[in-house]
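1. heads up, no residue letters with this:
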């Protein structure tokens, strides 16, 4: 594969993965690549990062794809071919890996036949080169999965790590970090070998993890949830800046801005020809959030609540209610400035009060809300219902919802399920959608877009 | 002129200027000079974004022209402005017989032009580093203005004509990402995302700023700061705050970071009451 093809392949894969790369950036990257030395792989990686990327969130995508298109070595590298795979050899390898992780190993001197060896690039210092080399050896020895036919064998990081057994995690944070680095090195080495066999194009789609703002709320794992949580505060900050600007109605008559008027009058010899008026702030809305906190929808509801609370300065007031089959108010749990983890735990606790039978019952919850908390809604409020509209085949309570919608200025229903799943099984999304505008809100990206456009 | 000969050269010269760059920073700094493109540096507060621009200027003995952005920054503050008061005086002091053309020509001359940072940077003939700080704080209109300046390095003053850069300044834009910059600005820039440094690098940075701190103390402080950054605080400690903390401890004569000294001096790194609470609890647990 010629170098230009590799470059174009990388750019194409980036675009496929949702990273916008304009033609001008493509050309910049080529110009830049000609300026740097090719003998240091990390420099090349950073060159691509500087020219092709424009957002920090896209960096993991580039890293994954770069490893596929510009692998650190080919074949088995400079490592000796895997010899006998007996217990002793594996035990010896395990000893060396453990030594490298705990840090009391002899520094592996000239063994690093790999090109990136020694300088590591990831800023890990001296040990990284050694860990990389060990990872290569480990995959070479332990990671092979025999295929259905000769030549169809493949490589697995999972098998490698399983056959290597438990790795030490201590002592100290440095060792834990080195252990994690070793696991990453094993994963990328296995992926590299597979990519070499199948060609990078085949792997590009699966090797790239979705960026944080595209992880579906309902399918997020523990690590994903933590990542989403970390993303809430910066997102809220960006949205707040945006909302503050949009809420400032331009050109509307306000009070006279004396300083600016005098300043502008300088151009006309001190005669104030055009008075400058202060922009008037648009009247802000009350937000009433009614959220389903049962099961997998709960994550979505809680993240949305967190975001709304982080944005509370952009609204006149925020009230939040949680329901499963009963309704409780959780507004006081959403302390401003509180610790995110504690607020989430608090919400979970508060949500229990809304759960009598353990089965979501939208009809009952809506009726109870309409009966007891209808006063929360007024002509200035916007009602937000968060939920998947799956009511366990119970009465959906449409009249109650209709009453609520009529009592609010605007009303929205955010559904964390993709549109194609609406109305499947016990979902009654379409019937609710007749009463209230329903929007798909699967991930942070869609949530942010909704807040920006409609609140 | 060439700013840096290679990424390694950039790393060495920045280090000489008191800034320890990682691979990404050195490569981007080199490319920004070699390609003549502005460098957009994004990242949390206090990771050395502004300092990078200053270090580039120091490394070359170039002058740093700084445009600090804020909400409401306008053309008159960023680009140029006519000195109206002086023009008025000139008109009043002018001879009675002076014709319109004469007066016009003379009040719209260099003498009455107040250059603001962008125009200053473009007109300088010596090596210049232009730092556009916190560009995310400005309004969208200023971004449009910057686009014109940054793509052609030329400014049009209607009364004087177009002023083109004799020597392209080295441009660094910094952003805290409090607002999304437009795609057009991003496309014209090289992009560098700075994160909090690795413990090893942070130890080096602290050691270079506070040479008389003991190694064990630095190691311990950097480790604690790393832990603090892992918590979900309102404001994570910056590199400058780590350095300040070590300085404080050295000034207090504390040879090591005990629970008590940590408690008393935590205010150096954390500036919010809720953060202090959270950190104190976390440190007590460990």
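-> That came in fine, so what should we check first? Small disclaimer: the values here were computed from a predicted structure and weren't measured.
2. okay, now residue 13: neighbour count?
-> Unless you meant another one, I'm taking chain A. By other Cβ atoms under 10 Å in any protein chain shown, 25 other residues sit near residue A:13. (Each C-beta comes from the backbone N, C-alpha and C, glycine too.)
3. look at chain B instead
-> 22.
4. which helix or strand contains it?
-> Taking DSSP states H and E as the criterion, residue B:13 maps to helix B:7-16.
5. can you list contacts of that helix?
-> Here helix B:7-16 makes contact (Cβ atoms under 8 Å, 6 or more residues apart in numbering or on different chains) with A:36-37, A:40, A:43, A:46, B:3-4, B:20-21, B:23, B:25-27, B:29-30, B:33, B:52, B:55-56, B:59-60.
6. at 10 Å instead, please
-> A:35-37, A:40, A:42-43, A:46-47, B:2-6, B:19-34, B:51-52, B:55-56, B:58-60, B:204, B:208 (Cβ atoms under 10 Å, 6 or more residues apart in numbering or on different chains).
7. elements contacting the following helix or strand past it?
-> Scanning forward in sequence from helix B:7-16 by DSSP H and E, the next helix or strand is helix B:23-35. If contacts are counted by 3 or more Cβ pairs under 10 Å, 6 or more residues apart in numbering or on different chains; DSSP states H and E, helix B:23-35 sits against helix A:23-35, helix A:41-52, helix B:7-16, strand B:39-42, helix B:49-60, strand B:170-175, strand B:190-193.
8. and if we set it to 7 Å?
-> Helices and strands touching helix B:23-35, by 3 or more Cβ pairs under 7 Å, 6 or more residues apart in numbering or on different chains; DSSP states H and E, are helix A:23-35, helix A:41-52, helix B:7-16, strand B:190-193.
9. is it possible to get CSV of those that adds mean pLDDT and distance to residue A:216?
-> Listed next are the helices and strands packed on helix B:23-35 as CSV, based on pLDDT from 0 to 100; distance: least, Cβ to Cβ, whole Å:
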stretch, mean pLDDT, distance to residue A:216
helix A:23-35, 90, 29
helix A:41-52, 90, 27
helix B:7-16, 92, 39
strand B:190-193, 92, 25
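10. among the ones you listed, which is nearest residue A:351?
-> In terms of Cβ to Cβ, the element of the helices and strands packed on helix B:23-35 nearest to residue A:351 is strand B:190-193, at 37.0 Å.
11. let me see the mean pLDDT of the helix or strand just after that closest one.
-> From strand B:190-193 onward toward the C-terminus, using DSSP H and E, the following helix or strand is helix B:199-209. For helix B:199-209, mean pLDDT is 90.
12. got the contact list for helix B:199-209?
-> Helix B:199-209 has contacts (Cβ atoms under 7 Å, 6 or more residues apart in numbering or on different chains) with A:123, A:125, B:18, B:20, B:22, B:197, B:213, B:218-219, B:222-223, B:226, B:239, B:242-243, B:246.
13. please apply the same query to stretch A:422-433.
-> With Cβ under 7 Å, 6+ apart, stretch A:422-433 has contacts from A:388-393, A:396, A:398, A:401, A:413, A:415, A:421, A:438.
14. of all the helices and strands packed on helix B:23-35, which one comes closest to residue B:184?
-> helix A:23-35 (10.9 Å).
15. what is the burial count for residue B:248?
-> Quick note: residue B:248 (other Cβ under 10 Å) scores 17 neighbours.
16. check the secondary structure at it for me.
-> Put simply, residue B:248 is helix when judged by DSSP: H, G, I helix; E, B strand; the rest coil.
17. how close does it get to residue A:56?
-> Per Cβ to Cβ, to the nearest Å, residue B:248 is found 31 Å from residue A:56.
18. residue B:108 now?
-> Counting by Cβ to Cβ - residue B:108 and residue A:56 are separated by 45 Å.
19. residues contacting residue A:47?
-> A:32-33, A:36, B:27, B:31.
20. mind redoing it with 10 Å?
-> A:28-29, A:32-37, B:7, B:24, B:27-28, B:30-31, B:190 are the contacts of residue A:47 under Cβ under 10 Å, 6+ apart.
21. residue A:101 too?
-> Taking Cβ under 10 Å, 6+ apart, one finds A:127, A:131, A:134, A:167-170, A:174-182 in contact with residue A:101.
22. in helices only, show me those residues.
-> Counting by DSSP state H, those place A:127, A:131, A:134, A:174-182 in helices.
23. which one of those residues is nearest chain B?
-> Checking those against chain B by Cβ to the nearest Cβ gives residue A:174 as the nearest, at 7.7 Å.
24. buried ones in stretch B:67-84?
-> Neighbour counts over stretch B:67-84 (16 or more other Cβ atoms under 10 Å in any protein chain shown) mark B:67, B:69, B:73-74, B:77-82, B:84 as buried.
25. is chain A contacted by the longest helix seen in chain B?
-> Looking across chain B with DSSP H, the single longest helix is helix B:215-230. Yes: residues of helix B:215-230 contacting chain A under Cβ under 10 Å from any Cβ of the partner chain: B:223, B:226-227, B:230.
26. hmm, back to that, show the buried residues in the contacts of residue A:47.
-> Buried among those by 16+ other Cβ under 10 Å: A:28-29, A:32-33, A:36, B:7, B:24, B:27-28, B:30-31, B:190.
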